[in-house]
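> Fold the following for me, if possible:
(3 chains)
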Amino acid sequence: MNGYDWTERREPAAPSSRVRIQSEPLPGAAAADSNGHRSVTPEAVFDAQDVSVFYGRKKALTGVSLRIRRGQITALIGPSGCGKTTFLRSLNRMNDSVPSFRIEGQVLYHGHDMYAGNVDRVEVRRRIGMVFQKPNPFPKSIYDNIAWAPRNLGLKHGLDERVEQALRGAALWDEVKDRLKDSALGLSGGQQQRLCIARAIAIEPDVLLLDEPASALDPIATASIEELMHSLKGRFTIVIVTHNMQQAARVADHTAFFSLDAATGEPSGTLVEFADTETIFAHPVDPRTRDYVSGRFG
Amino acid sequence: MSSGAIPDPSAPLTPSGNLRRRQIFSKATEYGATTAAILAIVVLGIVVYTVVARGAKALNLDFVFTAAPTGIGPELLGTGVIVLVATAIAMPLGVLIALFLTEYAGNRAAGPIRHTLDLMNGLPSIIIGLFIFGLLVDHKQQSGLAAAVALAIIELPLIARGSQEILLLVPNSMREAADALGVARWRSVLGVILPSALGGIVTSTVLAVARAAGETAPLIFASSVFDASRFSINPLEALPNVPVTIYTLSEEGNPEGFTQAWGLSLLLVSLILLASLGARALLARSKRKMAS
Amino acid sequence: MSGTTVNSARVAGPRPARSARSARRLRRIDRIGDGLLYGVCLLAALLAVAVIVLIGYEVVHGASPAISKFGLSFLFDTTWQPNFGVFGAGSLLFGTLVSSFFALLLGAPIAIAIGLYLSLLAPAGVRAVVSPLVEMLAAIPSVILGFWGVLVLAPFVHEHIEPWLHNAFGFIPIFGSPETTGASIFTASLILTIMVLPIIASISRDLFLAVPRDLQDGASALGATRWEVVRGVVLPSTSSGVVAASLLGLGRALGEAIAVSQVVGAGSEIHASLFKTGDTLAARIANQFPGALTELHRASLFYSGAILLVIGLLSNLFAQWIGRRFSYEGAAAR
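Residues are numbered from 1 along each chain as shown, chains lettered A, B, ... in the order given. Model (predicted):
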């Protein structure tokens, strides 16, 4: 189902017009060894190396190299259709369900190749959680929505506490503590999304991937989600895709700007610039980044 | 809150905790589901193979075109006549009912009619047989016509429902355009809407025929005492027909009769399966065309 | 298409009187046409309702001699002796319920598994081939399936399956010793299972295909195995539909007359063992009606048909009740 090519591992790209890594070297980072591989530092959770994604013939993502740091919020911004969500979903192997999906390059998670043959997808998703753009609560009670995954995992003891902790962590406990047995479908959009976040953190994942979590919500609900992310940072490594760059500016420690690149024929998503948020918004290097963050397009 | 079940993030991405056991169970259920599907195919294969292998032995020109005791020609003819008359009754009525449901009925009227059609569809055919006996055969005599009415009752809900589905796919813009031009309702229905739904209506009818042609129970009441040694197309008397003959031969215990029954079965099944598959494919295609 | 508007649009002209007259005539024709079409459609719809009512009437009317003679004891009496004018449908009722229940017990889980396979496991190409094959199983006329049952299934069951089951589980009363031929309630139940399978499988497949993708994705993203996604999301959200499909299958099994009559052996007693002969309401009607000579015999068969109708109606109502109960639970439960 995923036809990544081992032999295609290339040297890390020399500073080209496409990839600019602005942040200072990670503490403890080793220099590139003779094979051209950078070894992974304890601070990096994900290390994407020259990742390209294909859906059949269409190349959705070209040559993305990116390092996500532990305990920080990394935002992926850019206009629609430039591969942000594709990249995000490659981080927990959710793209595998698309039959024509193919990935080249390497995604390392804590140093382990995520697309190796012996990797169990279910284990991946247990450690790397995801919250989707449109809230998707199960047609069950609020309690059962949260308790469902822990029950599967055998975490049956202390379930009540676990549910309460998760709901507190998602800033939803006070609103629903008296109606845990009610159907989750009766909650408002913002509450449902916070329920989905609670559901994800209830199993204590290592990473939280958020795919435009507030785009389907009203401004007040959006603000509560953003507040939430600040409080969740530190416990979890968070990667968030957002088309709202003000949101990225408010929330993220590091920001990656994606755009469509038609240089090699058919347009394909690519990483333009990756730096800490202040740099990206205040003094971006690449002109495309400058155009985007100053609102000239997209 | 952490327990031993929370995996160490830097451990390899192989199953941790109870995942191995859960994966084994999940895989087992996948195998179970696949086995179930294979089982169904195997059963189908065995039945079809038996019918083809044993039925082919009986098939020859004599068999198809002569009458009893050498052939079953009258049965084929009789079934053809009965089904034709049944369809002639059911098709117009089915289309009219479908038109009623899509063009005229409000929700209050449509509900009971749809329930009625569902009831009719779910009626055991043996009950329809009893009904036809009481209505048209008792104190009178068996007839191909009575059999046709019984089969029409079986065909009606299928034609009505299929036609209704296709009519619903006819875009409303067509109806609105006709209205805007001041065209009378009956002209637009008969002249525009119905013709565009015609393909789907025909295929629904073919499916209904495929279903009705194999029904035996009503025919036992309406057309089971006949002279299979002569060809007849007179619907006012009991007509020889395929299903009843298969049934009778299957109960008789005579090996030659069995062979003839297999031959009849092969003919009937081939026609029905071909008609079913073909009609379903055509129906899917005309639905796609409508939607685009 | 007729050019009606052209005429009425051309009213203004040098000869207003004649055009006005033809315009009026056209409008009258259209009014008649509209009314006629509506009337005919309405009549057809009413005719359908009339047929249903008439069927109910005819069955009850045909049964009335037996109803007045036997009353409700007809349901429990197991003596069926046409020569003495004694009729009791107790064993028929028993056979109907046992064979249909068995067919559902065996057929529904297998069919649901097939539905899961076709919707969630099979690649699109395999699904496109296997789905029609499963539906083909439903298209086989019951008389042919019954014929195959008599000559192929029954001997096989008699020689291999019944003895094995009896040897392995004979301590359970339902697995008694086999009879002389394979004609039995057991074989009839197997035939019914084959008939019920494709109905439930096709509907289940469509139901499972309709479960929203994002719900399944949400479950997968929480580290659930494929089976856990099915158990936690797919099955609960389709449960009322699957139950309805199963009851549709049950209706089919209850009413099947021909195939059952060919393999059930026309027994008249109630036995605990599945391997004995028996009979069902529908099959007895098919079996004995052509040869029924007395009015009481025929009326008793009509009475059996009436009971069949009532059972069908009850299972329908049961289906609706289950549907309501399940959808309430589905919203709030595990």
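> tell me which parts of the stretch 51-200 of chain A are close to chain B?
A:109-112, A:114, A:116, A:118-120, A:122-124, A:126-127, A:152-155, A:157-158, A:161-162, A:165 (C-beta under 8 Å from any C-beta of the partner chain). Yep, even glycine has a C-beta here, placed from its N, CA and C like the rest.
> From these, keep the buried residues only.
With burial judged by 16 or more other C-beta atoms under 10 Å in any protein chain shown, the buried subset of these is A:109-110, A:112, A:114, A:119-120, A:122-124, A:126-127, A:152-153, A:155, A:162, A:165.
> who in the stretch 51-200 of chain C is up against chain B?
Residues of the stretch 51-200 of chain C lying near chain B by C-beta under 8 Å from any C-beta: C:51-52, C:54-55, C:58-59, C:61-62, C:110-111, C:113-114, C:116-118, C:121-122, C:130, C:132-137, C:139-148, C:150-152, C:194, C:197-198.
> Surely A:Leu61 is within a strand?
Yes. Counting by DSSP: H, G, I helix; E, B strand; the rest coil, A:Leu61 is part of a strand.
> could you check the distance from it over to A:Tyr292?
Separation of A:Leu61 from A:Tyr292 (C-beta to C-beta, to the nearest Å) stands at 18 Å.
> does residue 103 sit in a helix or strand, and which one?
Picking chain A for this. Assigned by DSSP states H and E, A:Ile103 falls within strand A:101-109.
> that's the other chain; I wanted chain C
Applying DSSP H and E as the criterion places C:Ala103 in helix C:90-116.
> Quick one, which of the residues of the stretch 51-200 of chain C next to chain B are buried?
Neighbour-count burial (16+ other C-beta under 10 Å) applied to these gives C:51-52, C:55, C:58-59, C:62, C:110-111, C:113-114, C:116-118, C:121-122, C:130, C:132-137, C:139-148, C:150-152, C:194, C:197-198.
> Okay, and which of these map to helices?
Assigned to helices by DSSP state H, the following of those qualify: C:51-52, C:55, C:58-59, C:62, C:110-111, C:113-114, C:116, C:130, C:132-137, C:139, C:142-148, C:194, C:197-198.
> wait, isn't C:Ala286 in contact with C:Ala259?
No. The criterion here is C-beta atoms under 8 Å, and C:Ala286 misses it with C:Ala259 at 9.7 Å.
> So for residue 3, what's the pLDDT?
Since no chain was named, I'll use chain A. Confidence at A:Gly3, expressed as pLDDT, is 36.
> Correction: the question concerned chain C.
C:Gly3 is assigned 42 on the pLDDT scale.
> Could you do C:Ala331 as well?
45.
> And for B:Glu215?
94.
> For C:Lys69, see how far away C:Leu281 is.
C:Leu281 sits 18 Å away from C:Lys69, going by C-beta to C-beta.
> likewise B:Ser16?
Per C-beta to C-beta, B:Ser16 is found 74 Å from C:Lys69.
> between the two, who's got more neighbours?
Per other C-beta atoms under 10 Å in any protein chain shown, whichever of B:Ser16 and C:Lys69 has more neighbours is B:Ser16, with 19 against 16.
> quick revisit: if you count surrounding residues, which of C:Ala286 and C:Ala259 has more?
Neighbour comparison, C:Ala286 and C:Ala259: the larger count goes to C:Ala259, with 29 against 25 (by other C-beta under 10 Å).
> Can you name the residues that contact the more buried one?
Counting by C-beta atoms under 8 Å, 6 or more residues apart in numbering or on different chains, C:Ala259 makes contact with C:Ser142, C:Val143, C:Leu145, C:Gly146, C:Gly149, C:Ala188, C:Ile191, C:Leu192, C:Met195.
> change it to 10 Å
Taking C-beta atoms under 10 Å, 6 or more residues apart in numbering or on different chains, we find C:Ala259 in contact with B:216, B:247, C:140-150, C:188, C:191-192, C:194-195, C:282-283, C:286.
> What's the local residue count around the closest residue to chain A within chain C?
Nearest residue of chain C to chain A (C-beta to the nearest C-beta) works out as C:Gly223 at 3.0 Å. C:Gly223 has 28 neighbours, counted by other C-beta under 10 Å.
> I figured it hits A:Leu155, correct?
No. If you go by C-beta atoms under 10 Å, C:Gly223 and A:Leu155 don't touch, sitting 11.3 Å apart.
> and B:Val42, how many neighbours?
11.
> Make sure C:Arg21 is indeed in a helix.
Yes. Judged by three-state DSSP, C:Arg21 forms part of a helix.
> mind checking how far it is from B:Ala184?
Look at C:Arg21 and B:Ala184: by C-beta to C-beta, they are 18 Å apart.
> which of those two has more neighbours?
Per other C-beta under 10 Å, whichever of C:Arg21 and B:Ala184 has more neighbours is B:Ala184, with 22 against 11.
> How about the more buried one: what's its closest non-neighbour residue?
The shortest distance from B:Ala184 to any residue other than its chain neighbours is 3.5 Å, reached at C:Asp30 (C-beta to C-beta, 6 or more residues apart in numbering or on different chains).
> isn't there a helix covering that neighbour?
Yes. The assignment for C:Asp30 is a helix, going by three-state DSSP.
> neighbours around it, how many?
18.
> Do I have it right that it meets B:Leu190?
No. Applying C-beta under 10 Å as the test, C:Asp30 and B:Leu190 come out as separate, 12.0 Å apart.
> Now for these two: what residues contact both?
In contact with both C:Asp30 and B:Leu190: B:Ala184, using C-beta under 10 Å, 6+ apart.
> Which single residue in the stretch 151-298 of chain A comes nearest to chain B?
A:Asp206 (3.9 Å).
> Enumerate every residue touching that residue.
Residues near A:Asp206 by C-beta under 10 Å, 6+ apart: A:45, A:70, A:109-110, A:126-129, A:235-237, B:6-10.
> Please, a ChimeraX command that selects the buried ones among those residues?
Burial among the contacts of A:Asp206 is assessed by 16+ other C-beta under 10 Å; the matching ChimeraX selection reads:
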select /A:45,70,109,110,126,127,128,129,236,237 /B:6,7
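> what residues do C:Gly223 and A:Leu155 have in common as contacts?
Shared contacts of C:Gly223 and A:Leu155, counting by C-beta under 10 Å, 6+ apart, come down to A:Ala149, A:Ile203, B:Gly17.
> Strands of the stretch 1-150 of chain A, start to end?
With strands called from DSSP state E, counting those that start in this stretch, the stretch 1-150 of chain A shows them at A:44-55, A:58-69, A:73-77, A:101-109, A:112-113, A:128-131.
> want to throw these into TSV with mean pLDDT and distance to chain C?
Below are the strands of the stretch 1-150 of chain A laid out as TSV (pLDDT from 0 to 100; distance: least, C-beta to the nearest C-beta, whole Å):
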stretch	mean pLDDT	distance to chain C
strand A:44-55	90	16
strand A:58-69	89	18
strand A:73-77	92	17
strand A:101-109	91	14
strand A:112-113	90	16
strand A:128-131	94	4
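> So the residue of chain A most remote from its centre: helix, strand or coil?
Using C-alpha atoms, centre = their mean, the residue of chain A lying farthest from its centre is A:Asp178. It sits 32.6 Å away. Secondary structure, three-state DSSP: A:Asp178 is coil.
> For it, give its distance to A:Val107.
43 Å.
> How far off centre is the helix or strand containing B:Arg288?
Element membership for B:Arg288 (DSSP H and E) is helix B:255-291. From the chain centre to the centre of helix B:255-291 is a distance of 9 Å (C-alpha atoms, centre = their mean, to the nearest Å).
> quick one: low-confidence parts of chain C?
Across chain C, residues meeting the criterion (pLDDT under 70) sit at C:1-18, C:323, C:326-334.
> Any idea which residue is closest to the centre of it?
Taking C-alpha atoms, centre = their mean, chain C has its central residue at C:Arg252, 2.4 Å away.
> C:Ile203 is in contact with that one, correct?
No. Using C-beta under 10 Å, C:Arg252 makes no contact with C:Ile203, being 12.0 Å away.
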